[in-house]
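Novice: quick one, fold the following:
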Amino acid sequence: MPQGIQVMDQRLISTSAVRCVGNTLILQGRVYSPPYKISAVGDPGALKKALAASPALQNYQLYVNAYGLGWKVDEHKALTLPGYSGTVDLHYAKPVAPTP
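Specialist: As a prediction, the model looks like this:
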């Protein structure tokens, strides 16, 4: 089954830089404010299990209940994420040829 994740309107890849500054999100040079939308494609059972098992999300749920913060999970039968549109060039890492 194909897998992928999108935060706000950007597809994430292995080199995506996601930074939190206060309650703002900086993702690949763009700044976002809450509410945040995260879309994931994968095995629905495994995704639900991962959310339920996350200590960070369990902690967040306490704040959701105590202060009325936003939290909603929607399940869709079909979801298509856009392809990654940024550069994939590495600026600081250089590949090294394997030694025989």
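Novice: where along the protein do the strands fall?
Specialist: Under the criterion DSSP state E, the chain contains strands at 4-7, 10-11, 18-21, 24-27, 30-32, 38-41.
Novice: distance to Ala52 added to those, as CSV?
Specialist: Just so you know, the C-beta spots here come from the backbone N, C-alpha and C atoms, and that holds for glycine as well. Output for these, formatted as CSV (distance: least, C-beta to C-beta, whole Å):
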stretch, distance to Ala52
strand 4-7, 18
strand 10-11, 25
strand 18-21, 22
strand 24-27, 23
strand 30-32, 26
strand 38-41, 14
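Novice: save those as TSV, and put in mean pLDDT and distance to Ala56 too.
Specialist: Compiled in TSV, those are given as follows (pLDDT from 0 to 100; distance: least, C-beta to C-beta, whole Å):
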stretch	mean pLDDT	distance to Ala56
strand 4-7	93	15
strand 10-11	92	21
strand 18-21	90	12
strand 24-27	93	15
strand 30-32	94	19
strand 38-41	93	13
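Novice: CSV for those, including distance to Leu47 and mean neighbour count?
Specialist: Below are the strands of the chain laid out as CSV (distance: least, C-beta to C-beta, whole Å; neighbours: other C-beta atoms under 10 Å):
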stretch, distance to Leu47, mean neighbour count
strand 4-7, 10, 17
strand 10-11, 17, 18
strand 18-21, 18, 10
strand 24-27, 20, 15
strand 30-32, 22, 12
strand 38-41, 6, 15
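Novice: Gly83: which of the ones you listed is closest?
Specialist: strand 10-11 (6.4 Å; C-beta to C-beta).
Novice: contacts for that closest one?
Specialist: The contact list for strand 10-11 (C-beta atoms under 8 Å, 6 or more residues apart in numbering) reads Gly4, Ile5, Ser16, Leu27, Gln28, Arg30, Leu81, Pro82, Gly83, Tyr84, Ser85, Gly86.
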